[in-house]
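Trainee: okay, sequence plus prediction incoming.
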Amino acid sequence: MDAIIKKIQLSDGREITIETGRLARQADGAVVVKMGGTMLLATVVARQEADEEVDYMPLSVEYREKYAATGRFPGGFFKREARPSDYEVLIARLVDRALRPLFPSDYHAEVQVIITLISADKNILPDALACLAASAALTISDIPFQGPISEVKVGRIGGEFLINPGYSSLPESDMDIMVGASLDNIMMVEGEMKEVSEEDMIDALKFAHEAIKIQCQAQLDLAQQIDKAKTKREYCHETHDPEFRDSLRQATYDKIYKMATSGMANKQERKKILGTIKDEFINTLSDEERKDKEAMISRYYHEVEREAIRNATLVTRIRLDGRKLNEIRPIWSEVDYLPAAHGSAIFTRGETQSLTTVTLGTKLDEQIIDGAVIEEKSNFMLHYNFPPFSTGEVKPFRGTSRREVGHGNLALRALKFVLPKADENLYTIRVVSDILESNGSSSMATVCAGTLALMDAGVRIRKPVSGIAMGLISDQDTKRYAIL
């Protein structure tokens, strides 16, 4: 069968191709992205209608590697691919974070993106191609999507920036960052650096964005050759009542705004007050209205809550708990809290708390990483646990969540460069962060607690590391913004 192919030239002469029309033709969109010997098949399928009363975007992104892609057998007794590895989960999260904001806010039909590694050159990592493949599959489909986007990996060797550097050259690079962006804006940044300057970091983002713009334009050019992509499907997933929305806003906005500017520090108390304001409005309705408008009440109340709290911060320059925009919550910490652990620390910032341990082992305790592409041993592990009681909730335990894998990886990337060099480190090191309370930035609390626990265990880290999360609230109409 004839395929439709679009080629992308990288600045160093390497080539990426996007092909559609031959594989997985019953999916709403399917592409094969190829660079060297690495090939990814990305498919996307969306339900025609949303499930009843769904008021969010039910998007799932899966990334899976076939061991046959590198001519290998899966490890283990059953000899077939099973649950996704941490590496697969991390790639899926990278793609998910960039795609999720780009669906229309009122589009609630379930969408499933599946990216499969079907061939692999071990020097061309698939993580830098996965988002390009997913976005291309969406762009050539009739699914409403406000893309295209793409992601690239940026390295720097000998002072020169590289797009999608080879796996073998990464040890020589002083940065390894993934950047996701559209034609106009950067969507997502994640990575690690060996203490590069802010100026160099900004230059790396600009360098990445220039390459991404070319990849986005290639997707648009490809979509122009496909009839299905020219008309996106129509949908109507929400029933609206503008008068009811106005009455809810009139009854609740000022109360929420007052709470938001009261400087109340306790998260659970704020949650209670917001629930009370909502209940007070519901109590003014007839039984019939409550039943008929149930979905609208939740949706509209969430909109008013978001608007009032954002406006309160933009106008007063004061945050929910009474802090100025650049003030950090009170911090207390303690080391050697657990007498039997090799190293331990508590780090508490406001209502976020990490109890972290360090365990030292021998070479026999090293982790064997047996992926389809990456095979290696690791003598440094960082595990992050987020039990439901940390937010005062009751939830079933269902194994390690993707969020836990992702946040643990963020903290690991922050700490690994300050560990003793390979010839100086005789130990296998395992850091475990148990989040006991959470009200934001628990991954960065893990970085701080991890530093303390490593020092408590006697690990000769080169420098202490601290982590902080940032936020931005902006209003396009008034041009006001607040950096948190």
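Mentor: Thanks, I have it.
Trainee: the helices in the stretch 251-400 of the chain, which residues?
Mentor: Here the stretch 251-400 of the chain has its helices, by DSSP state H, counting those that start in this stretch, at 267-282, 287-292, 294-316.
Trainee: possible to save those helices as JSON lines with mean neighbour count, mean pLDDT and distance to Ile346?
Mentor: Heads up, the C-betas are built off the backbone N, CA and C, glycines and all. JSON lines is the format used below for the helices of the stretch 251-400 of the chain (neighbours: other C-beta atoms under 10 Å; pLDDT from 0 to 100; distance: least, C-beta to C-beta, whole Å):
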{"stretch": "helix 267-282", "mean neighbour count": "15", "mean pLDDT": "93", "distance to Ile346": "19"}
{"stretch": "helix 287-292", "mean neighbour count": "11", "mean pLDDT": "88", "distance to Ile346": "45"}
{"stretch": "helix 294-316", "mean neighbour count": "17", "mean pLDDT": "93", "distance to Ile346": "30"}
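Trainee: out of those helices, which gets nearest to Ile435?
Mentor: Closest approach to Ile435 among the helices of the stretch 251-400 of the chain (C-beta to C-beta): helix 267-282, 14.1 Å.
Trainee: elements contacting that closest one?
Mentor: helix 242-260, helix 294-316 (3 or more C-beta pairs under 8 Å, 6 or more residues apart in numbering; DSSP states H and E).
Trainee: how about residues contacting that helix?
Mentor: Outside helix 267-282, the residues that touch it by C-beta atoms under 8 Å, 6 or more residues apart in numbering are 248, 251-252, 255-256, 259, 264, 290, 297, 301, 305, 320, 351, 392, 439.
Trainee: just to revisit the earlier point, turn the helices and strands packed on helix 267-282 into a markdown table, columns for distance to Ile8.
Mentor: A markdown table is the format used below for those (distance: least, C-beta to C-beta, whole Å):
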| stretch | distance to Ile8 |
| --- | --- |
| helix 242-260 | 45 |
| helix 294-316 | 38 |
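Trainee: spatially nearest residue to Ile368, not counting backbone neighbours?
Mentor: For Ile368, ignoring the flanking residues on the chain, the nearest one in space by C-beta to C-beta, 6 or more residues apart in numbering is Lys377 at 5.8 Å.
Trainee: so which of the helices and strands packed on helix 267-282 comes closest to Leu129?
Mentor: Closest to Leu129 of the helices and strands packed on helix 267-282 is helix 294-316 (C-beta to C-beta; 35.1 Å).
Trainee: can you pull out the strands in the stretch 101-250 of the chain?
Mentor: 111-119, 149-157, 160-163, 175-182, 186-193 (DSSP state E, counting those that start in this stretch).
Trainee: how about the third one: buried residues?
Mentor: Going back to what we said before, that points to strand 160-163. Buried residues in strand 160-163, counted by 16 or more other C-beta atoms under 10 Å: Phe161, Leu162, Ile163.
Trainee: same thing with the second one?
Mentor: Of the residues in strand 149-157, those with enough neighbours to count as buried (16+ other C-beta under 10 Å) are Ile149, Ser150, Glu151, Val152, Lys153, Val154, Gly155, Arg156.
Trainee: before we move on, back to that, now the buried members of the contacts of helix 267-282.
Mentor: Judged by 16+ other C-beta under 10 Å, buried ones among those: Leu248, Thr252, Lys255, Ile256, Met259, Ile297, Tyr301, Glu305, Leu320, Glu351, Asn439.
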